[in-house]
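Participant: Fold the following.
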Amino acid sequence: MLKGSRLIAVCTVASLIGLPTLSFAKARGGGGFSSGARGGNSSMGIGSRGSRTYQDNGAKPIEQSTTPKPSATPPPHNTASSPTPQPAPAASPSWWQRNPLLAGIAGGLAGTWIGHMLFGATESSAKTTDTEEPASGSNSFGLILLLMMVGAGALYFFKRSRRAPAPVFTGLSRGTSARGSLLDISSNDRTDRPTTDTAYTVTTEDKAAFQQLLTDIQSAWTAQDVAALRRCLTPEMLSYFSTALAEDHRRGVQNHVEGVELLKGDVREAWSEGDQDYATVDLRWKARDYTVSTTIPRGEPGYLVEGSEETPTESCEVWTFMRVKNGQWLLSAIQQ
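Facilitator: Now for the predicted structure:
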């Protein structure tokens, strides 16, 4: 009786720590934890498969996991690969803006000429002379003005021809550029950077370990031995199992999975992430899977809640095992 009370306490505490409580009775429509041995009618995939937790592997998707789901929003554009919008080029400056000195000289000459034409003409019209003399002053001024304009133009073309020619960059390429120059290929642009997901080859010893885990987990589940489950499950999966055991105790039932016999096991995928190995395996087995009441004596009506104590049934599930390098394999996820 004391051992049973301690087991109940452990199951209850484990169900309240770390992970949200799941109603596995509702998921199954019947007894305790739905690991597939109890009729194979689980309504959810549980656990973690590393970086492949939410990838489609042909089995039922993982719906309950501590692994964060990838963001559904599209990632921001990579500023390194997408060109930055450039402002529109400014309008080319006019000749007057590029040559303020010549523009000032030309303006002064034009103003002088216009003033001479206006005031000179007025002054000449006011004068009355008896004899007409040639307008030598006006002719001299026009000649001087013409010479100044020609000189200004010659100065402009002379300065323009003295401008340094634009440099021509020829013969430079990524192959000939020096290390550290702007044309050097950045190390961040390398396409052969190592990935975090590499293939893993499952050995014969690994397959034997997977088969043994199937038997040990079902036996520990039937005995409601949390300590034995802890040796076979990841902490996340232990929390799910413990929650299911506590739910079964609350409902007054106990599920039994006895006489487990593996019929077929096929490795679906295997990979490594850092110092962790993963293997997803299709398992098909048969066992006597039944649920009994803990409050009704054997033989009384209502004692057998579900299943058969004599007839074995077949179950198929996809189990993912993980381990730290050279460590012990543990069950980390279950899918239908």
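
Participant: Which residue ranges of the stretch 201-336 of the chain form strands?
Facilitator: Remark: strands assigned in the stretch 201-336 of the chain by DSSP state E, counting those that start in this stretch are 253-273, 276-293, 304-307, 313-324, 330-335.

Participant: Buried deepest among these, which one?
Facilitator: strand 330-335 (a mean of 24; mean count of other Cβ atoms under 10 Å). All C-beta spots, glycine's among them, are computed from the backbone N, C-alpha and C.

Participant: now for it, which elements pack on it?
Facilitator: Taking 3 or more Cβ pairs under 8 Å, 6 or more residues apart in numbering; DSSP states H and E as contact, the helices and strands that strand 330-335 lies on are strand 45-47, helix 204-223, helix 235-251, strand 313-324.

Participant: Make CSV from those and add distance to G153 and mean pLDDT to it.
Facilitator: Rendered in CSV, the data for the helices and strands packed on strand 330-335 read as follows (distance: least, Cβ to Cβ, whole Å; pLDDT from 0 to 100):
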stretch, distance to G153, mean pLDDT
strand 45-47, 87, 96
helix 204-223, 92, 97
helix 235-251, 87, 97
strand 313-324, 86, 97
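
Participant: What backbone torsions are found at the spatially closest residue to E236 that is not a sequence neighbour?
Facilitator: Of all residues not flanking E236 in the chain, T66 sits nearest, at 5.2 Å (Cβ to Cβ, 6 or more residues apart in numbering). Backbone torsions for T66, taken as degrees, to the nearest 10, come to phi -80, psi -10.

Participant: for the helices and strands packed on strand 330-335, which one ends up most surrounded?
Facilitator: It is strand 45-47: most buried of the helices and strands packed on strand 330-335 by mean count of other Cβ under 10 Å, with a mean of 23.

Participant: residues in contact with that one?
Facilitator: Contact partners of strand 45-47, identified using Cβ atoms under 8 Å, 6 or more residues apart in numbering, comprise 22, 59-65, 234, 236-237, 240, 320, 331-336.

Participant: at 10 Å what do you get?
Facilitator: Strand 45-47 has contacts (Cβ atoms under 10 Å, 6 or more residues apart in numbering) with 22, 24, 27, 33-35, 53-54, 59-67, 233-234, 236-237, 239-241, 317-320, 322, 331-336.

Participant: Walk me through which strands it pairs with, and which way each runs.
Facilitator: The pairing partners recorded for strand 45-47 under DSSP bridges are strand 62-64 (parallel), strand 330-335 (antiparallel).

Participant: sorry, back to before: the strands of the stretch 201-336 of the chain into CSV, with extra columns for distance to A154?
Facilitator: Output for those, formatted as CSV (distance: least, Cβ to Cβ, whole Å):
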stretch, distance to A154
strand 253-273, 78
strand 276-293, 83
strand 304-307, 110
strand 313-324, 87
strand 330-335, 88
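
Participant: looking at those, which is closest to A227?
Facilitator: Proximity to A227 (Cβ to Cβ) singles out strand 330-335 among the strands of the stretch 201-336 of the chain, at 14.5 Å.

Participant: then the closest one to CSV, C-alphas only?
Facilitator: This file holds the C-alpha atoms of strand 330-335, laid out as CSV (Å, rounded to 0.1, in the frame of the first residue of the first chain):
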residue,chain,number,x,y,z
LEU,A,330,16.0,6.6,-25.6
LEU,A,331,12.5,6.9,-27.0
SER,A,332,12.0,10.6,-28.0
ALA,A,333,8.8,10.6,-30.1
ILE,A,334,5.8,8.5,-31.2
GLN,A,335,3.8,8.9,-34.4
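
Participant: Tell me where the model's unsure across the protein.
Facilitator: Within the chain, the stretches with pLDDT under 70 are 1-43, 72-142, 156-196.

Participant: switch the cut-off to 90
Facilitator: Scanning the chain for pLDDT under 90 picks out 1-44, 69-197, 325-326, 336.

Participant: Are we agreed that P68 is in a helix?
Facilitator: No - applying DSSP: H, G, I helix; E, B strand; the rest coil, one finds P68 to be coil, outside a helix.

Participant: Pull up the gap between it and Q212, please.
Facilitator: Counting by Cβ to Cβ, to the nearest Å, the gap from P68 to Q212 is 32 Å.

Participant: do Q254 as well
Facilitator: Separation of Q254 from Q212 (Cβ to Cβ) stands at 24 Å.

Participant: again, but for D225
Facilitator: 16 Å.

Participant: start to end distance for stretch 246-262?
Facilitator: 28 Å (Cα to Cα, to the nearest Å).

Participant: All further residue positions should be reported with the first residue as 41.
Facilitator: Sounds good: first residue 41 from here, last item stretch 286-302.

Participant: is it true that V332 touches E298?
Facilitator: No - with contacts counted by Cβ atoms under 10 Å, V332 stays clear of E298, the gap being 11.8 Å.
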